[in-house]
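In: Structure for this input, please:
(chains A, B, C and D, ligands or ions: 4)
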Amino acid sequence: MSVEVQSSQPTTERLATVIADLLATDDRRCLLGEDVVGGGMLGLSKVAANDPKLRGRLLGSPLTNAAHVAHAGGLALAGLWPIVVLPSSGALLEALPSLRELARQPWRTAGHRSLPVLFVAPDGPGFGLGGDAAESVESTLAHVPGLELWTVGQVEDVPAALHAAADFSQEAPGRPCSPRVLLLPRRLLLGSGPRGSTARPGHPDLPATLAARPELQRLREGADATLFAWGDALRAALAAADACAAADPAIAVTVIELARLAPLDPAPLIAAARATGKLVIAHCGPRTYGLGAELAGQFADQAILQLDAPIRRVCGESGPFAGHEEHRASPSAAAIVDAIVDVVRF
Amino acid sequence: MSVEVQSSQPTTERLATVIADLLATDDRRCLLGEDVVGGGMLGLSKVAANDPKLRGRLLGSPLTNAAHVAHAGGLALAGLWPIVVLPSSGALLEALPSLRELARQPWRTAGHRSLPVLFVAPDGPGFGLGGDAAESVESTLAHVPGLELWTVGQVEDVPAALHAAADFSQEAPGRPCSPRVLLLPRRLLLGSGPRGSTARPGHPDLPATLAARPELQRLREGADATLFAWGDALRAALAAADACAAADPAIAVTVIELARLAPLDPAPLIAAARATGKLVIAHCGPRTYGLGAELAGQFADQAILQLDAPIRRVCGESGPFAGHEEHRASPSAAAIVDAIVDVVRF
Amino acid sequence: MQATAWEPEGVECLLDASGGLSDPAAVSGLDLRDYYKKLVAARILDLKLGRLQLPMWASSAGEEAVSVAVGSLVGTHDWIYVGNRDAAVALTRGLAMPELIRQALGHPDAEMRGRNLPGSIASTELRIAGACEPLGMSLALAVGQAHGQKLFGRGRATIVLFGEGATTSGMFHEAMVLALAHDAPVVFVCKSQLWPEGAPAEAGLLGDSVAERARGLGLWTRRCDGADVLGVHRALGSALHRAHEGSGPALVEVIVTPMHQDPPAERDPIERLRRLLDARSEWTQPFQDVVEAELHNQFDKALARLSAETRGVA
Amino acid sequence: MQATAWEPEGVECLLDASGGLSDPAAVSGLDLRDYYKKLVAARILDLKLGRLQLPMWASSAGEEAVSVAVGSLVGTHDWIYVGNRDAAVALTRGLAMPELIRQALGHPDAEMRGRNLPGSIASTELRIAGACEPLGMSLALAVGQAHGQKLFGRGRATIVLFGEGATTSGMFHEAMVLALAHDAPVVFVCKSQLWPEGAPAEAGLLGDSVAERARGLGLWTRRCDGADVLGVHRALGSALHRAHEGSGPALVEVIVTPMHQDPPAERDPIERLRRLLDARSEWTQPFQDVVEAELHNQFDKALARLSAETRGVA
Ligand SMILES: Cc1ncc(C[n+]2csc(CCOP(=O)(O)OP(=O)(O)O)c2C)c(N)n1
Ligand SMILES: Cc1ncc(C[n+]2csc(CCOP(=O)(O)OP(=O)(O)O)c2C)c(N)n1
Ligand SMILES: [Mg+2]
Ligand SMILES: [Mg+2]
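Out: Numbering: from 1, shown residues only, chains lettered A, B, ... in the order given. Ligands and ions are numbered 1, 2, ... in the order given. This next block holds a predicted model:
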């Protein structure tokens, strides 16, 4: 009687399946967060909470400003692989001293202690609440020495991104893990993706290990300009590239998604920049001191001979924003198109 | 009998005089910090503690992670002009949520509430302790929306920088003050300056108001290259510029000191960059995602037609550092010279 | 009357479940009918705001004893730091309904231009500061504000409202420590939500009562029952009086019973005072209807005018 | 003997000021002469390290009861999170002197490559974690470590050492809250420094004792006198036993008397145990001299070898 009519599934439901699978496939994993036992604020632990075998590893915590992050780090030091689901990426700023301490531990102990812990947090605009809940925190987190910072820009990639980020199998004596943050753009959390593509172990769509998730992805190919983007701005970037491709005359734009923001590997970015010499960088949050500045700085140093136009950064305005102003926190596709046309015609 | 043999005075003593004078000249001012009543960890409240008229406005606090910063903000909301002396700029990262809240208040209240509060903190390498005490935190603090961030690069300017930063006389209904941070490079705190040049009111050396302290200063003039630097890196930058001027053939370098790091006014920086097209940026702390990237990004956008060499950033290595490795946290004059020669000969 | 699982422990009782007053002298100066009107107004405001379908909206029905006591007792120069369910504080203190609604709607023309946190109503003139995002942050700001008031020697005080969930945060601890260290005239008002089946550990209730924990640090404290409107009024009045006098900080814990949990009628603070008034023949159904209608009208008119303006602009 | 202003209040006494033992059964399993040797070693280590003129160095003389109890009582699989004046924990637990000195000197060849905070001695093999920069941070890490131990079901525990100054920090509060919420096998050991004239408010002593405040949150606590070495041993032993057994977290507060403040002789923990041994004719001056000389020799040899190596390299 049941026919496969539902081709799409909300991102949060897809993530709930990934989380249950992650817990099922390695019993070092445990899940922390507010109300995880009741399914979690975003429903991400709903599937796990209904599984009696997994419930014991859902560790609900009292509300704290900073110690919950250190607590998770302590669990990792004890040999667990904690996954911490935060209500907002702002919670990572609130707990910054703890996060800094965790990220510093492998250095402080000269590699003797490992911190296989993952923090997952909704980031940037999307919920319409403004304030902290519209802020993109990557420009602050990228300065935490020793932290690994990942994000994701395409809604269909979100489950795979979580799956990969929760993999700490590369841990070995003398090869300590760094704590990891995965920022999930709020708009992607509100979206949905293909229902089939869950995280069942052995499912061909999913990377089995972190190594299988590339630090950057080429999503469009084009010789006229190179567009760098990540997180919530990627959607606008792809729309802009597609609009350019459809224009007359067409502009062919290479689009590069950055998945890992820290540590940053500039070499492939520089190579992509040199290939066209016409460069646009798009990201959420303010332009001033945004992470896009580092890319521009790298290109102005290492790709100067190929540069034959200004490097344009298309970003959000400077915040904070009220709920009704959230759209100002991210760049629009139109603004990105303008920047592309600008540099190509320069 | 007493002759003026002592021409120089330790920076901390000079600052202690400034602080006493600041408290004396406006009774809205109060001083917060650990052990301020006993003279303070760095001795900065020694002079004030000996003055019975000022002692009542020295407010010693218990040790807290974050609330002391919010507490100071509350005092400012009540109409005081608190000056908070912190043991380390790391304390501002530890209290980041409080600092973010204070900086957001003028926005949150649509300008109805003002926060005339100043945080003064030793920053960067210098004390030989490594870890937090060798970190330059400006790259993190520059992302706090609404915060005013100042630093100082020349030892003789330190008292004037404090004097100017503690001035909130521009406050007026409808013109709320933002909280302000003044980072004092640790090496300058260990140095000394001319004894005469204290902060007595009416002293001609001192700016009476913040307006009198420029956001940037041109410290050397030269047509061959432009060098941007701030904080602890300024000393190395000036040494590098002087070495270039003395070389044969001489290289004439314009040196620009940035005093206010946030909010950043790019226009004068871009003008200075365009003037030579040969650009070097020097600062402490890691290059990747450092504040120098924003300058490079601005120049790669707005000065592209004048750029005829790569933009070089000469910075510290990526930390953290042990105490014996602190020298790696700042750029050397030799590395800056190399970069200047590089871009000039390009 | 038999105590139910809903009755909080360790509280002094002034107005009992059947509306009996154990110490009439304690409320001698208070116009009880007027006070009742304020409570009803608070309840109706919550009802009306609830119908607006605002994002992140949470009802404060059952917490009126706190809002009305705070709004009535503070002096003109006192500051109040509110949370997200304290709209009735602004109402009681006299914020005009149109502005209250603009703020609730996050309207760009509101005093704070729609920048308040959802549910939080502020006013510079009435010295009501809105909520902060980080847990417990407004407690530390309030301590500084109170400390500043004390330094100006004005005999003024600051009240800060928060929930039991904040008491596990470090900010709560540090704020109490700073208040004690500086002997700041601040009154911490904790609205502790209790469920009959007992709150989960995550909700922030640990060890004994919040008031008892604060007392362990050296704070003057009171623990009262939010259904006992007059007890809350008395406790908060004492705390404020101490603060105004320069006797230092205090914490008042109020056990609030959310009405949406369908508690027995006597857990409703408004019903309790109604029973007292009724017993004194100071309550009638027409009186009730008039009080309710007044607030309904005020609200509906203000909302209608705002909608008209907004349409006019668009 | 008359109590002086140096005597802490609210503590149970096992070994009194004159070396009298109130309950001999409480230390029946303990080799007191051996324990005394460890205390002397701790004191001499402090003396020797003090002579190295290290940056930020602070003497721990007077705190030996804590270091030696911790170092002696922990199980092989327990973790200890130390502060900056706990070098004797590593010594008692058996860290080799050359490595201990390398770490104290911040030597690049030390296990942690000179990255420890000044004064902090760590060891992966001995499960000693070094100090953290943010106030109270190691408390929260220790809670997580202990919680992890419990999840593996191993009956292991974690001890964390800190000072009274940390107890005003939010981290202290949050760490206790998390330990309670997760029933983690963690033992908080607070070394409270008391001055006869009373600590300044800034030093972190507020309200009643730290132990009493922690008890208010629901923790099992003991408060003891750091001069009473056997009382400290007993209290810490009970706390650890509970943690190993799965009975949850505990806090042991020890009132320590810094020797550099020249307190009366009976405030010296080592002197107290000496009096007991002397009364039992188990102490002689030659015994004392041998114990001291042993540590001096060990230290001097290790330091000399290290200097030779360093010269060899340079
Ligand atoms: C660290 C952190 N986690 C979660 C939140 C989201 N949050 C805001 S208020 C709140 C409930 C706090 O409970 P309580 O203090 O009792 O407030 P009330 O019940 O009165 O809303 C939560 C979970 C937050 N602000 N900070
Ligand atoms: C917010 C903050 N202020 C200051 C310091 C510097 N500091 C480190 S330990 C310490 C003393 C803390 O006292 P206590 O916990 O009693 O430690 P102990 O006396 O055992 O050294 C201070 C002031 C810090 N780490 N964090
Ligand atoms: Mg609550
Ligand atoms: Mg201490």
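In: Just give me the neighbour total for the residue nearest to A:Glu317 when sequence neighbours are not counted.
Out: Computed as CB to CB, 6 or more residues apart in numbering or on different chains, the closest residue to A:Glu317 that is not its neighbour in sequence is A:Arg328, at 4.5 Å. All C-beta spots, glycine's among them, are computed from the backbone N, C-alpha and C. Residues lying near A:Arg328 (other CB atoms under 10 Å in any protein chain shown) number 16.
In: Tell me if I'm right that A:Arg328 and A:Pro320 touch.
Out: No. Checked against CB atoms under 8 Å, the pair A:Arg328 and A:Pro320 is beyond contact range at 10.1 Å.
In: about what we covered before: so the residue nearest to A:Glu317 lies in a helix, does it not?
Out: Yes. Per DSSP: H, G, I helix; E, B strand; the rest coil, A:Arg328 lies within a helix segment.
In: so what's it scoring on pLDDT?
Out: We have a pLDDT of 97 for A:Arg328.
In: end-to-end on stretch C:262-271?
Out: 13 Å (CA to CA, to the nearest Å).
In: quick one on the thing from earlier: quick one: contacts for the residue nearest to A:Glu317?
Out: Residues counted as contacts of A:Arg328 (CB atoms under 8 Å, 6 or more residues apart in numbering or on different chains) are A:Gly316, A:Glu317, A:Gly319, A:Phe321.
In: Relative to C:Leu105, how far out is the third one?
Out: Between A:Gly319 and C:Leu105 the distance is 21 Å, computed by CB to CB, to the nearest Å.
In: who has more neighbours, those two?
Out: Neighbour comparison, A:Gly319 and C:Leu105: the larger count goes to A:Gly319, with 23 against 19 (by other CB under 10 Å).
In: contacting residues around that one?
Out: A:Gly319 neighbours (CB under 8 Å, 6+ apart): A:Ala134, A:Glu135, A:Gly285, A:Pro286, A:Arg328, A:Ala329, B:Pro145.
In: Backbone torsions only: list them for it.
Out: phi -90, psi -160 (degrees, to the nearest 10).
In: How many neighbouring residues does the residue in the stretch 51-200 of chain A that ligand 3 sits nearest to have?
Out: For the stretch 51-200 of chain A and ligand 3, the shortest gap (CB to the ion) falls at A:Leu63, measuring 9.7 Å. For A:Leu63, the count of nearby residues is 22 (other CB under 10 Å).
In: how about the lowest-mean-pLDDT helix or strand in chain A: buried residues?
Out: One helix or strand of chain A scores below all others by mean pLDDT, DSSP states H and E: strand A:192-194, with a mean of 90. Buried residues in strand A:192-194, counted by 16 or more other CB atoms under 10 Å in any protein chain shown: A:Ser192, A:Gly193.
In: mind saving the C-alpha coords of stretch C:139-159 as CSV?
Out: C-alpha atoms of stretch C:139-159 as CSV (Å, rounded to 0.1, in the frame of the first residue of the first chain):
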residue,chain,number,x,y,z
LEU,C,139,22.1,39.6,36.7
ALA,C,140,25.7,40.9,36.5
LEU,C,141,24.6,44.1,34.6
ALA,C,142,22.1,44.6,37.3
VAL,C,143,24.7,44.3,40.1
GLY,C,144,26.8,46.9,38.3
GLN,C,145,23.8,49.2,37.9
ALA,C,146,23.0,48.8,41.6
HIS,C,147,26.6,49.3,42.6
GLY,C,148,26.7,52.5,40.5
GLN,C,149,23.5,53.7,42.2
LYS,C,150,25.1,53.2,45.6
LEU,C,151,28.3,55.1,44.5
PHE,C,152,26.1,58.1,43.7
GLY,C,153,24.7,57.6,47.2
ARG,C,154,21.1,57.9,46.0
GLY,C,155,19.4,55.2,48.0
ARG,C,156,18.2,53.6,44.8
ALA,C,157,18.0,50.0,43.9
THR,C,158,17.9,47.6,41.0
ILE,C,159,15.7,44.5,40.7
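In: Cross-check the contact I'm expecting between A:Ala189 and A:Gly124.
Out: Actually, residue A:189 is Leu. It isn't Ala. No. Contact criterion CB under 8 Å: A:Leu189 and A:Gly124 do not qualify, at 10.1 Å.
In: who in chain A is up against chain D?
Out: Counting by CB under 8 Å from any CB of the partner chain, the residues of chain A close to chain D are A:30, A:57, A:59, A:61-62, A:64-68, A:70-80, A:97-98, A:100-101, A:107-110, A:112-113.
In: restrict the residues you listed to those near chain C?
Out: Applying CB under 8 Å from any CB to those, one finds that A:Ser61, A:Pro62, A:Thr64, A:Asn65, A:Ala66, A:Ala67 fall near chain C.
In: Find the residue at the geometric middle of chain A.
Out: A:Thr151 (1.0 Å; CA atoms, centre = their mean).
In: Bridging across strands, which residues link to that one?
Out: A:Leu183 (DSSP bridges).
In: give the contact list for it.
Out: A:Thr151 is in contact with A:Asp123, A:Glu138, A:Ala161, A:Leu182, A:Leu183, A:Leu184, A:Pro185, A:Trp230, A:Gly231, A:Leu258, A:Ala259, A:Leu261, counting by CB under 8 Å, 6+ apart.
In: any idea how far the second one lies from A:Asp167?
Out: According to CB to CB, A:Glu138 and A:Asp167 sit 21 Å apart.
In: again, but for the third one
Out: With distances defined as CB to CB, the gap from A:Ala161 to A:Asp167 amounts to 11 Å.
In: hang on, the earlier thing: I'd say the residue of the stretch 51-200 of chain A closest to ligand 3 and A:Gly33 touch.
Out: No. Taking contacts as CB under 8 Å, A:Leu63 lies outside contact range of A:Gly33: 11.0 Å.
In: Of the contacts of A:Thr151 - the most surrounded one?
Out: Highest neighbour count within these, by other CB under 10 Å: A:Asp123, with 32 neighbours.
In: any chance you could map the strands in chain A?
Out: A:8-10, A:29-33, A:58-60, A:81-85, A:118-123, A:148-151, A:180-185, A:192-194, A:216-220, A:225-229, A:253-258, A:260-262, A:279-286, A:312-316 (DSSP state E).
In: swap that for the stretch 1-150 of chain C, please
Out: Per DSSP state E, counting those that start in this stretch, the stretch 1-150 of chain C carries strands over the ranges C:79-81, C:128-129.
In: how about a markdown table for those strands, with mean pLDDT and mean neighbour count added?
Out: Converted to a markdown table, the strands of the stretch 1-150 of chain C look like this (pLDDT from 0 to 100; neighbours: other CB atoms under 10 Å in any protein chain shown):
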| stretch | mean pLDDT | mean neighbour count |
| --- | --- | --- |
| strand C:79-81 | 98 | 26 |
| strand C:128-129 | 98 | 24 |
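In: of all those strands, which lies closest to ligand 3?
Out: strand C:79-81 (16.1 Å).
In: Show residues contacting that closest one.
Out: C:70, C:74, C:89, C:93, C:127-129, C:131, C:138-139, C:141-142, C:145-146, C:149, C:156-161.
In: thought A:Gln217 was touching A:Ala259?
Out: Yes. Here A:Gln217 reaches A:Ala259: they are 6.6 Å apart, a contact under CB under 8 Å.
In: Test for you: state the pLDDT assigned to A:Gln217.
Out: So A:Gln217 comes in at 95 (pLDDT).
In: Kindly report the same for C:Gly198.
Out: Per-residue pLDDT puts C:Gly198 at 51.
In: try A:Glu4
Out: 48.
In: same check, this time on C:Arg311
Out: You'll see C:Arg311 listed with a pLDDT of 77.
In: Packing partners of the strand or helix carrying it?
Out: Using DSSP states H and E, C:Arg311 sits within helix C:285-313. Helix C:285-313 sits against helix C:32-50, helix C:97-104, with contacts defined as 3 or more CB pairs under 8 Å, 6 or more residues apart in numbering or on different chains; DSSP states H and E.
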